[in-house]
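Enquirer: Okay, sequence plus prediction incoming.
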Amino acid sequence: MGRAYKVVDAFSSRPFLGNPVAVVLDAEGLDAAAMQALARWTNLSETTFVLPPTAPGADYRLRIFTPRAELPFAGHPTLGTAHAMLEAGRATPRAGRLVQECGVGLVGLSVEGEGPARRLTLDLPPARVTPLPPAEAAALEALLGHPLDPRATPAIVDIGAVWAVAPLADAAAVLRLEPDLARSAAFERRHGLTGVTVFGPRGAEAGKDGAIEVRSFAPSSGIEEDPVCGSGNGAVAVFRREAGLLPPGGAAYQATQGRRVGRDGQVAVRVDAEGRVSLGGACVTCVDGTLAA
């Protein structure tokens with residue numbers, strides 16, 4: 001049976017510079033084992049499977065798989081799948097909004113523009129933040145192989161995907177990192193993490209405009225480095241607000257990610273005065289065809 005299939009680059013308007021997600025648009029009839037097998041085969045950081053919604057108000061239901069496990073939520077797969085659904089004419093925004101049903105519940109998305117000018121923005125699910133104890137913060141610093149910024153204690157941020165978030169002094173430090181991935185995988189398994197995300201301010205004024213460089217590592221999920229990570233960036237935004245690194249009245253800033261792996265991801269992040277986070281950007285289809293599955 002042929003199934004409509006796309007590979008969408010998220011957080012980029014130019015092909016091959018964002019984070020690709022494989023999207024199976026006709027997933028009815030596939031069980032979890034078949035979905036996991038396909039996700040191992042694509043070997044991308046995530047593969048998504050679109051199903052009819054079961055929750056009132058949802059436009060479609062989404063299951064999200066890494067090469068090793070299913071996730072209740074992920075950022076770039078949410079944006080990439082919405083792009084694929086709109087492009088295929090399988091979803092129609094209502095008052096500029098789509099609603100995705102996934103493991104964490106309903107996730108709202110805003111749709112602005114059409115075609116190549118389209119921009120998608122997701123509403124981050126509610127977060128739970130747990131500061132790391134000093135011994136575990138030291139273990140994280142050791143596996144990263146670089147001092148952490150002492151102005152904020154690293155923390156675990158759970159938004160469905162679960163990230164240990166650590167601040168570094170600046171973007172240059174982020175880009176220099178050579179983490180011990182075997183130790184990172186063990187750390188992730190010990191804490192039930194999706195992975196580890198680090199960030200540092202960029203720009204001549206040390207990020208006074210809020211702009212940051214981000215990197216995300218998830219070796220325990222089969223992803224050594226995620227090129228441009230939506231949930232990782234969302235976790236960073238939550239962390240920055242909780243740590244007092246953003247203005248209390250809210251902020252909007254640009255995050256870049258992927259330069260160490262040959263990408264140029266651009267993530268627009270907004271945190272409002274109540275702490276609600278939204279993030280988004282451009283998407284572009286790189287593969288459009290039929291999956292023999």
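Expert: Sure, I can see it.
Enquirer: Check the burial of the closest residue to residue 248 other than its chain neighbours by counting its neighbours.
Expert: The shortest distance from residue 248 to any non-neighbouring residue, by C-beta to C-beta, 6 or more residues apart in numbering, is to residue 273 (7.2 Å). For glycine as for every other residue, the C-beta is placed from the backbone atoms N, C-alpha and C. A total of 10 residues lie near residue 273 under the criterion other C-beta atoms under 10 Å.
Enquirer: cool, and residue 292?
Expert: When neighbours are defined as other C-beta under 10 Å, residue 292 has 8 of them.
Enquirer: How about the contacts made by the one residue sitting closest to the centre of the chain?
Expert: For the chain, the residue sitting closest to the mean C-alpha position, by C-alpha atoms, centre = their mean, is residue 230 at 2.2 Å. Contacts for residue 230 (C-beta atoms under 8 Å, 6 or more residues apart in numbering) come out as 10, 11, 19, 74, 75, 76, 77, 78, 79, 122, 267, 279.
Enquirer: Just the ones of the residues you listed in strands?
Expert: Under the assignment DSSP state E, the contacts of residue 230 contribute 10, 19, 122, 267, 279 to strands.
Enquirer: From those, pick the one nearest residue 253.
Expert: residue 267 (9.3 Å; C-beta to C-beta).
Enquirer: How is the chain partitioned into domains?
Expert: Split into domains by the TED database, the chain comes to 3-122+282-291, 128-275.
Enquirer: Quick check: the gap between residue 36 and residue 16.
Expert: 26 Å (C-beta to C-beta, to the nearest Å).
Enquirer: For the protein, just list every one of the helices.
Expert: 32-42, 75-87, 134-144, 171-176, 181-191, 230-242 (DSSP state H).
Enquirer: quick one: which of the ones you listed is nearest residue 158?
Expert: Ranking these by distance to residue 158, with C-beta to C-beta as the measure, places helix 230-242 first at 8.4 Å.
Enquirer: Show me which residues of the closest one are buried.
Expert: Neighbour counts over helix 230-242 (16 or more other C-beta atoms under 10 Å) mark 230-242 as buried.
Enquirer: quick one on the thing from earlier: comparing residue 36 and residue 16, which residue is more hemmed in?
Expert: Comparing residue 36 with residue 16 by other C-beta under 10 Å, the one with more neighbours is residue 36, at 19 against 12.
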